[in-house]
Structures are given as C-alpha cells and as structure tokens.
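Novice: I need the structure of the sequence given here:
(4 chains)
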Amino acid sequence: MADLRVTLAGVEFKNPVIPASGTYGYGREYECLYPLSRLGGISVKGTTLHERTGNIPPRIAETPMGMLNSVGLQNGGAEKFLSCELPNLVTKDTRIIANIAGSTVEECAELAAMLEGSAVDMIELNISCPNVKQGGAAFGTDCNVAGAVTRAVRDACSKPLMVKLSPNVTSITDIARSVEASGADAVSLINTLLGMRIDIKTRRPVLHNNVGGLSGPAVFPVAVRMVWQTANAVKIPVCGMGGISTAEDAVEMMMAGASAIQVGAAIFRDPYAPVRIIDGINEWCDRNGVKSVSEIVGTVRPW
Amino acid sequence: MADLRVTLAGVEFKNPVIPASGTYGYGREYECLYPLSRLGGISVKGTTLHERTGNIPPRIAETPMGMLNSVGLQNGGAEKFLSCELPNLVTKDTRIIANIAGSTVEECAELAAMLEGSAVDMIELNISCPNVKQGGAAFGTDCNVAGAVTRAVRDACSKPLMVKLSPNVTSITDIARSVEASGADAVSLINTLLGMRIDIKTRRPVLHNNVGGLSGPAVFPVAVRMVWQTANAVKIPVCGMGGISTAEDAVEMMMAGASAIQVGAAIFRDPYAPVRIIDGINEWCDRNGVKSVSEIVGTVRPW
Amino acid sequence: MYKQGLYPIIGKSASAKGIFDITVLCPEAAELAQAGQFAQLLAPSFFLRRPISICGIDKQKGTLRFVFEVRGSGTEELSHLNVGDNIDLIAPLGHGFTVTDGRAVCVGGGIGVPPMVGIAAEYGDRAAVISGFRSASAVILQDDLRAAGCETILCTDDGSAGIHGFVTTALEEYLQSNKTDIIYACGPMPMLKAVASIARKHSIRCEVSLEQRMACGVGACLGCAAVLEREGREVFAHVCKDGPVFDAKEVRFDG
Amino acid sequence: MYKQGLYPIIGKSASAKGIFDITVLCPEAAELAQAGQFAQLLAPSFFLRRPISICGIDKQKGTLRFVFEVRGSGTEELSHLNVGDNIDLIAPLGHGFTVTDGRAVCVGGGIGVPPMVGIAAEYGDRAAVISGFRSASAVILQDDLRAAGCETILCTDDGSAGIHGFVTTALEEYLQSNKTDIIYACGPMPMLKAVASIARKHSIRCEVSLEQRMACGVGACLGCAAVLEREGREVFAHVCKDGPVFDAKEVRFDG
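Specialist: As a prediction, this is how the structure comes out:
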C-alpha cells in the first residue's frame, strides 16, 4: 500500500485523482456505486453567478476515441450551489474544488468573494470554457486578460486558487506564467480542444452550438505535452487532465509534471474510472517500489 | 459516375484526394498497389534546400486513434528531388505538389526559385513543421513572420502557392488572413498538433525528439473546426486535412469548406485509403444525387 | 439506483432486417428495472456508450431484453456480440413510464416499438398497442405483444401488412370507440408530436419517450438536454435522468 | 512488391506463455515472401499496424506463419483472433536475409527465435541454431528447427533447459570447432551487439534483424529509422525497407 497523498496549492489530497468539473456533477449520480470519500477530491460542476440554462441541444457528439460537448455551463448559480449542494458535499470526506466561471472580471471576483467564507477547499477559476459567448475561452487566450481576471479573483478571496487553462493557444506556458505572476497557487490543464463535427446527411453541425470542446483519450498526447511544458515553465504546481482513462495514463501525466490529475470524459465510459485509477496507481506504485506517488511527479527525463 | 474534378489555387485536380506530404514519399512505395494516376495529386515529401538526415529515432509513437511522429523532414534536398524524383513523378499523370520547408525566409525563397522552371503544378509552403528546430512551426505561429515568408516565396516563384498552416495557434484565421494578404493562392490545414507520450517503464519520452506531431482520426474534429473557421475567414480556397480516413470524413471536410482534401496517417493503416476514399466519394455523390463533388464545398449550414 | 458490469448474453435473434434482439442475464439490474427505462451498452471500440431502451424485464429470470436497430458502426459492433459473450452495460437508467390501473394505448413507430413492449406487458389486456412500420419486412414484436395479452393494431406505410396508413390515424379511430386513460408513445419526433396533439384534443394523459445524443447517461454531464416548457418558460431537462419518459404536455416537439 | 488484404487464419496454437503461433492462408503474399521479411498485422481497435516477423513460409500451401509475443494491448487483441477469422495484413515487407550456399549459424534470443526458423530452413543440415530463453517454460520452436534438419543448441538463463548460460557463450564455443560462413541473429540489442562483435573477431559475415517503432511499414513515412554507420558517417536507414535485416558491420548498436 503506497502513500497516495499529494499536495496541490497547499491543500493535501488523500490521493491524486479528482473527477473533472462538468463530468461528475456534484457527485450525487455516482454515490450509489462507491463512496465519494474514495476520491482525492471533486471539482464540481462549473458555477456561475446566476443560473444558466446552457446551450440548445444537441450538446454531445462522438469522435474517434473522444467526444465533443457544448453544454454551456448549465448550472443553478452560486447561491444554489452554496445552499443546496455544498452542505451535502462537505459531509463526503473528500476535497471540494469549486469551479467558477464568469462573463466579466467583476463577476469572477464576485463569485470568488461569495466562496470566501464557505467550506470549499480550493477554487478552480475556469478561464477556458469554449462553449460560452462572453468570458470563457476569451479570458484564457490572452495573457493580460488571464492575468487580470486571476488577480481580481486572488484579491477577492483567500482560498487556494487554481486557474484552468485553455489548450487552444499558441503558447500555454505564456498564459501559465501570466496567471502565476498574478497570484495563482496552481494551474489545471488542459480544458477541451475546440472541435466540430458535421452530419453529412443533414449538412448541419452535429452540435447546435456548431463547435464544442473535444475531450477523451484522443487529446491525451496534447495534454501530456502541455503539462510537461507548463510544469517546466512555472513554479506553482500543475493539475494535469485531458484524456486520462487508465492508471497508466495518470502515472504518465504525473511523470510529465502533474502533482495531481483530473479524470473527465473517461467517467462517461466507465463510471468506476476514478476508483479504478486510484487502485491502479496504488498497484503500480507497489509493483515499482514507489513508496509515495508524489515521488514520480515530473520525473520524466527528456532526451 | 459523378464529376469529381475540383480546382484549387487555379489548378484542376481529377479528384479532390491528395496524399499528404510526408506520408506517401514520392509515391514509389504504393505504385505496386494501384496506379498513381488514380490520385487527384500527390503532395510529395517535404523538401529542404539541403539534404536532411532527420531526427534521431524513435520517431513514431502510437496514441488513441492517432500517432505522433518526429521524422524531422528527412529528405535528400531540392537538387535530388528535381533530378531523381520529379522526372519520374511527372510521368504518373497526377498533379505534383512540391512541399517545401526552410529554416530561414531566404531559404524558402531560394527553394521556391529552384522550382520556378520545374514541372511541379503547385508549391505547398510548410510553415508548420513541429519537428525541426529552426523555421518550421516558428514561421506558422506568428502572423507577421507567416506573412513575410509567404511574400518572399510569392516573389521568388510564379507557381500556384499554397501555405500549410499550423493548428498550434490561438487563431488560425489570423494566420490564414495574413498569408492570404501576402499572396498565397490557397491554404492547407491542419498540420499536426504538438503532442507527447512518455514510456512509464523507462520514464523517457517515447520520441527521441521528446515531442512530435499528432495525426490520425483523433485530430479530425479539430481539423474540421479549423477548416470551417478558415474557409469563412479567407477568400482563397482551403485544402482540408487532419485525420481523414473515410470517404464520409472527406465529404464532411468538404462541407466544412475544403475545396480538396489530403489524406495522411490513414495511409499507414490502409495503403489503399486514398483510392478507397476516391471511390467512396463517387458512390456518395451518386447515392445523394450530387452531380459534381465541388457542389458540396462549404455547404454546411451552421445553426 | 443503477448497476454497471459485464453481463452474459443468454439469448440473441435477428427480429427483422438490421434489428437485433438480445437477452442479458443481469439480475441486480433487472431487479431495479421499470418499463420505459434504458441501458447504456458499450461497443468496445467506441468511446461513448449507446443508450438502448429496455424492451423486456424478467425479474424472476433476472434478465433484461434489448431490441435495437443497427444505425451506425457502434450498434453494428453490438450486433456482432453473440450468446455467451459478455456485454458491458449500465442499467437501469432514467425515469420510466407511469403505470396506472386504467386502460392504456401504446403507440410505437419503428424502433420506437420495443419500449412499448415493457409498458404494454404491465397492462396486459387493458392495453392496445398500435405499431407502425415502413413495411411488412420491418414488423417486429407483434407476437410478444399478443402473448402479453394486449390488443395489437398493426400499421405499415405501404400497406404490406396490417392497416395501410399511419399510427396516428389508427389512434384517432381507436379513441373514437375505446375509453382510454393514458397514451404512451415512442418513435420519430413528428409522430410523437401528432400523438401528443391527439391526446390533448381528447384530453387524455400522454407520456412520450424521447431520444437525445448522450454521454454519461446518469445525469452528471447534462449533455442530453431536451427542450421542455414549464410555466410558459423554456427549460432544459435531461433525457437520461428526467427522461427518457416525459409528460407530452411539457415537451417542445420542434426542439 | 507486397500485398494487402484480409486473409483467413487456418492454424493457431499457443507455443509458450504469452506466445502465439498463427498460420495465415495468403498465397499471393506467401509467393513473394523471403526469410527475414515481416508483415504488418492489423489489430482492429488500434490505429497503427503491428510489425511481426515471418516465422515460416510455405509457398506450396500458400501460407505464412507468425509466432508473436503479447507485449501490449495490440498484440493481445491479435492473440484473440482464432482459426476461421480473417486477419488484415500487409506482406511481405522489408529486406530479408542473404542466403549463401555455405554453413550458417542462427542465433535467436527469446522472441528473436521465430525469424531464425525461416532462414534456418533454407540451410537445413547446413545450419546450427542457437536459441536462448529465460527458462524452460519460454522455450519455443526447437522441434520445428530439428524438423528442418538443423542442429539446435538450446540455452536458458536459469539452466532449466539446455545449456545454463547465454547464447553468446554457446556461439563462441560452436565457432571453435565448426567452420561457419555466415551468422544470422535476432534478439535484444545487447545480444545482437555481442554476436556482432564475436562475428567481427572471427571475421565471419553477420546479418542482424532489427526492430523499431513503425508506421507505414513500406518505406514511405521514414518513421522507423535505424542508426547505421557508412563510410564513417552516421546515416539513418529504415527498418521497414532497408531492413529489418542489416549487415552487422553497419549497425550502431547503441543507437
């Protein structure tokens, strides 16, 4: 039994596996399979200041070893999260990461301020949602804007702050350095790659939003590359995600430089994926004489 | 039997299917399966001014529904292409696209000048190779540099000029507009996405180059999105590529806005892929009452 | 409450061209299942699961029956599974039909017929099932419905079997002469829309089973939105959790 | 000159733990095949093909035989194919062994033994085959080699079968007392390096079969580079076309 504890932005997680925001709701749908206390933490459904109904369907398209989504941050708003979801979540003995998204810098700051006194362990500032008109990716593709929104949230809230980055940029390391300089305690990456599918029978995009975010094993190599580049560009820890579906993928991502990892689309294929990955990491550590999983973080030796 | 002819940068192709540069050599390896005259054209192996030995192996890594490569433009140089390959290629009754890459703007211009008097039908200027130190992607990720190198090649050679764009950018439409303004007659996209895999046993990157270019069905949704965005941003035609492996993929890419398409990694899995796609497009057109395949270009109706 | 696991296929047959009928031994899932719910079946070479409606539930035998159409390469791969193979499924999922103690009419169009078998069985001779198909060669499940004691009314578009015409005409006719407390329907959107308006006209309660592109299947990802109208405002419900069965009054049939 | 197609598997057996032995009926490919060449086998759920060396060629029966090890999920999927299934292969590929009319010694390590069977058969009683395995349970193909009339020298790392020791020691010993015109070798890089240096010492011609991560398999993509030394300068040859068989003198064994 290896020591699976990892520390991210000063917060200790019992293991490095965290269901990614938007793929796990608030955990309610998976509790009937295993206790949420098995998880290192949960990054909850992206929360906005006010309720959002989300995008018009269809919102899902399958792709080779992946999928597109354009849910559009459908959620009940911050008040509802704090009153209806958080009280239940805090009883689950796992770390709670509040994923927040705003359409303006002020909104992001206001959201963060609302969480200041709450029981959430960490804030994940989403500056990379590809499926919303304002804010979203617009924040994540410009160094100055990314820095400004990070600074505003940093000043509005003292919780550990992780910023979720977009892969749809020329240099993710520039964005990472900019949010680090603006007070981020960690970065998480990658959010989805912007993609599109067309139904050749109807000649309409499969997604009503026309484009959507690509996730799943298909994007894993891009995620590993960006995590490796970013971990070598900033001093703050990196939470790696993007196509992880097995314990071996998780180990690979950690060797690339991720202090913890998030599992997303893989959960749709296998609802047990997070716990299978946790058990698999433990077995891999034991087989390979790794006493503590944190030892492997960033241990890849480039040629 | 539908009319499969398409026109790209003023050049007519007998059909819209072109094996992509670097995946088909100069066609010699596939002639034993079918005559090269079946093909709309061939984008030949990337050619540099001088011979290049390429990158140290391993150069290939498999990924979910895709692959990484870091060949590094191994080729015999322009002289050898003109003296040993082109004379043979011109006898094959298919369009010849010379794919060129240089480490400096001057080198690109010199290469283009060498082709001026040659029998090649079109030049594909590669400003997006992810696997070389100088030039390569560096040219393709900055609007001004992309414009400058395009202009230099445009001035050095009167052949129809297509510029091959990198997907590893924040806005591929900005790059496309810039090369259009600098005299490109067409753009081809997407080149490979930059990715990485790590062998968790050795803790070394699978590729000796550490990172490499991701291609295959995995990237298809990203390619369709970028082709759609670019076709709507420029007036010059777009040659679409990235993960096309079936006739339906080709039709989807053309509906997104591609006047012709390139087939790459799919050839590694099925060496007959180009001809199967040509036959499949023809059948699809007949089944759907499409008289001429060029009718479907850009016909997707966004929501 | 649902289960996920690998379960053996203990029965398989081809009902009609491109239609496959498999029975899976999954006692713990069958125990929980209700008519109108669905399962997420995994075609190993594809990333997302395929949502397939439950056609039959046998809690004694501990089996679930699925009758599905080969629509793409995913369902094609599923159709290659044989008796003895294990299938990876998540079931039961979603919100099923409301069972009343009155008389029911079940209206199914094409591959919308299978989910009608489960609910019709709950009613036995208190149910009439109106099934519509393109032609005689596409007709499925009529024997099963009769075996369940239901009255069966068969329609085909080309008249090659049963009544020559649409299910909606047959429904109108049936309602003239038969007291009906509830209508259940599954099939193409235009058919559901027509059935719903007929039900409204006769002020008969109507439940429809909807389809949508789906990812998680359990209500976590909010991918499979369906457009509903509640208190005059448009809301997005989710087919996998709030559905697949919805009160027809709430459904915006034109999306 | 090569062929691509779907061909039936007409024979299958498990030679040792994790080692599978399949025979494929592919007359037009078998007709062209030479000892030392390989095939690209497709595991349907994976994107790239798996390069597998040809173990046996029967031009009369029109078959190719492949003996491969399950190394990952791709070869695992290949191992699940059974007699009667079709396999998608491209063959024959690459440049095989040079056949002489002299006496040969074939040195194979582990899964490097299968390609030795084809070339040893060309020599029959003019060949000695030195095979090395971890232990008795991993030993394969010795009967086939004897059936081909070859002298077989078996070595295991743990002494549980044959000589307790490495193939290199056995090779040294064999060369003391036997005139040898050519040495063929396939196995782990360290073994190949050692065999090559022994051959050099005895100034015996030596050909080695190399492996590399491969994409097209036909020489188009230049992915499977191997580091050679020609006229003192480093050149990248390609395992799929220039190889897999190379003159040991040219190979840079430390990459």
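
Novice: ok, which stretches of chain C are helices?
Specialist: Taking DSSP state H, the helices of chain C run over residues C:27-32, C:73-79, C:114-123, C:142-147, C:167-177, C:189-201.

Novice: among those, which is the most enclosed?
Specialist: helix C:114-123 (a mean of 26; mean count of other C-beta atoms under 10 Å in any protein chain shown). In this view, the C-beta of every residue, glycine as well, is placed from N, C-alpha and C.

Novice: Show me what that helix is packed up against.
Specialist: Helices and strands touching helix C:114-123, by 3 or more C-beta pairs under 8 Å, 6 or more residues apart in numbering or on different chains; DSSP states H and E, are strand C:56-58, strand C:63-69, strand C:104-109, strand C:127-133, helix C:142-147, strand C:182-186.

Novice: Tell me what angle the last one forms with helix C:114-123.
Specialist: Taking axes from the mean of the first three to the mean of the last three C-alpha atoms, to 10 degrees, strand C:182-186 and helix C:114-123 form an angle of 150 degrees between their directions.

Novice: Other residues contacting strand C:182-186?
Specialist: The list of residues contacting strand C:182-186 from outside it, by C-beta atoms under 8 Å, 6 or more residues apart in numbering or on different chains, reads C:36, C:53, C:97-98, C:100, C:102-109, C:112-113, C:115-116, C:119, C:171, C:191-192, C:195-196, C:198-199, C:204-209, C:248.

Novice: Now for C:A248: which residues touch it?
Specialist: Shown in contact with C:A248 (C-beta under 8 Å, 6+ apart): C:183, C:185, C:192, C:195-196, C:199-200, C:206-208.

Novice: quick one: least confident helix or strand in chain A?
Specialist: Lowest mean confidence among the helices and strands of chain A (mean pLDDT, DSSP states H and E): helix A:137-140, at a mean of 79.

Novice: tell me what that helix is packed against?
Specialist: helix A:143-156.

Novice: Tell me which residues of stretch A:241-258 come out buried.
Specialist: Within stretch A:241-258, the residues that qualify as buried are A:241-247, A:249-258, counting by 16 or more other C-beta atoms under 10 Å in any protein chain shown.

Novice: if we can go back for a sec, okay, the helices of chain C in CSV with mean pLDDT next?
Specialist: Below are the helices of chain C laid out as CSV (pLDDT from 0 to 100):
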stretch, mean pLDDT
helix C:27-32, 97
helix C:73-79, 94
helix C:114-123, 95
helix C:142-147, 93
helix C:167-177, 94
helix C:189-201, 95
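
Novice: which residues touch the nearest residue to A:M196 once chain neighbours are set aside?
Specialist: Using C-beta to C-beta, 6 or more residues apart in numbering or on different chains and skipping the chain neighbours, the partner closest in space to A:M196 is B:R225 (3.7 Å). By C-beta under 8 Å, 6+ apart, B:R225 lies in contact with A:194-196, A:211.

Novice: Would you mind listing what in the stretch 151-255 of chain C touches chain A?
Specialist: With the criterion set to C-beta under 8 Å from any C-beta of the partner chain, the stretch 151-255 of chain C comes near chain A through C:212-227, C:234-236, C:241, C:255.

Novice: hmm, which of those are the buried ones?
Specialist: Buried among those by 16+ other C-beta under 10 Å: C:212-227, C:236, C:241.

Novice: how's chain C carved up into domains?
Specialist: Here the domain parsing of chain C from automatic domain parsing is C:3-93, C:104-250.

Novice: Determine if any part of the first one is in contact with chain B.
Specialist: Looking back up the chat, that one is domain C:3-93. No: applying C-beta under 8 Å from any C-beta, one finds domain C:3-93 out of contact with chain B, separated by at least 8.7 Å.

Novice: still on that earlier bit, can you list the contacts of C:A248 in CSV and add distance to A:D279?
Specialist: As requested, the contacts of C:A248 are exported to CSV (distance: C-beta to C-beta, whole Å):
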residue, distance to A:D279
C:I183, 48
C:A185, 45
C:L192, 44
C:V195, 48
C:A196, 48
C:A199, 50
C:R200, 53
C:C206, 47
C:E207, 42
C:V208, 42
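
Novice: Can you name the residues of the stretch 1-150 of chain A sitting close to chain C?
Specialist: Checking the stretch 1-150 of chain A against chain C by C-beta under 8 Å from any C-beta, the hits are A:22-25, A:28-30, A:32-33, A:45, A:53-67, A:69, A:71, A:74.

Novice: For the stretch 201-303 of chain A, which segments are assigned as strands?
Specialist: Assigned by DSSP state E, counting those that start in this stretch, the strands in the stretch 201-303 of chain A fall at A:204-205, A:212-215, A:238-241, A:258-263.

Novice: With distance to chain B as added columns, please give those strands in a markdown table.
Specialist: Shown next, in a markdown table, are the strands of the stretch 201-303 of chain A (distance: least, C-beta to the nearest C-beta, whole Å):
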| stretch | distance to chain B |
| --- | --- |
| strand A:204-205 | 6 |
| strand A:212-215 | 5 |
| strand A:238-241 | 12 |
| strand A:258-263 | 11 |
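
Novice: which residue ranges form the helices in the stretch 1-150 of chain A?
Specialist: With helices called from DSSP state H, counting those that start in this stretch, the stretch 1-150 of chain A shows them at A:78-80, A:86-89, A:105-116, A:137-140, A:143-156.

Novice: Return the most buried member of those.
Specialist: Taking mean count of other C-beta under 10 Å, helix A:137-140 is the most buried of the helices of the stretch 1-150 of chain A, at a mean of 24.

Novice: Only alpha carbons, please: show that helix as CSV.
Specialist: Extracted in CSV, the C-alpha atoms of helix A:137-140 (Å, rounded to 0.1, in the frame of the first residue of the first chain):
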residue,chain,number,x,y,z
ALA,A,137,-12.0,31.0,-23.5
ALA,A,138,-11.8,34.7,-24.2
PHE,A,139,-10.2,35.0,-20.8
GLY,A,140,-7.8,32.1,-21.3
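
Novice: can you list contacts of that helix?
Specialist: A:127-130, A:145-146, A:149, A:164-166, A:168-169, A:175, A:191, A:194.

Novice: quick one: contacts for the nearest residue to C:R146 once chain neighbours are set aside?
Specialist: Excluding its sequence neighbours, the residue lying closest to C:R146 (C-beta to C-beta, 6+ apart) is C:T152, at 5.6 Å. Neighbour list for C:T152: C:128-129, C:131, C:142, C:145-146 [criterion: C-beta under 8 Å, 6+ apart].

Novice: What of C:D88?
Specialist: By C-beta under 8 Å, 6+ apart, the contact set of C:D88 is C:4-6, C:41-42, C:44.

Novice: before we move on, what about C:L32?
Specialist: Counting by C-beta under 8 Å, 6+ apart, C:L32 has contacts C:1-3, C:92.

Novice: With chain A as the reference, measure out to it.
Specialist: From C:L32 over to chain A the distance is 10 Å, taken as C-beta to the nearest C-beta, to the nearest Å.

Novice: among the helices of the stretch 1-150 of chain A, which gets the worst mean confidence?
Specialist: Comparing mean pLDDT over these, the weakest stretch is helix A:137-140, at a mean of 79.

Novice: ok, and the closest non-adjacent residue to the residue nearest the centre of chain C?
Specialist: For chain C, C:P115 is the residue whose C-alpha lies nearest the centre (C-alpha atoms, centre = their mean; 2.5 Å). Nearest non-adjacent residue to C:P115, counting by C-beta to C-beta, 6+ apart: C:S53, 4.1 Å away.

Novice: Please apply the same query to C:V99.
Specialist: Nearest residue to C:V99 in three dimensions, chain neighbours excluded: C:E122, at 5.1 Å (C-beta to C-beta, 6+ apart).

Novice: Report the contact partners of that neighbour.
Specialist: C:35, C:97, C:99.

Novice: who touches the first one in this structure?
Specialist: Think C:A35. Contacts of C:A35 by C-beta under 8 Å, 6+ apart are C:54, C:57, C:96-97, C:99, C:115, C:118-119, C:121-122.

Novice: Okay, now the unreliable bits of the stretch 201-303 of chain A?
Specialist: For the stretch 201-303 of chain A, applying pLDDT under 70 flags no range at all.

Novice: for the stretch 51-200 of chain A, that is, sorry about that
Specialist: A:130-137.

Novice: tell me the contacts of residue 10?
Specialist: As the question left the chain open, I've gone with chain A. A:G10 is in contact with A:160, A:185, counting by C-beta under 8 Å, 6+ apart.

Novice: I was thinking of chain C, sorry if that wasn't clear
Specialist: By C-beta under 8 Å, 6+ apart, the residues touching C:I10 are C:23-25, C:63, C:83.
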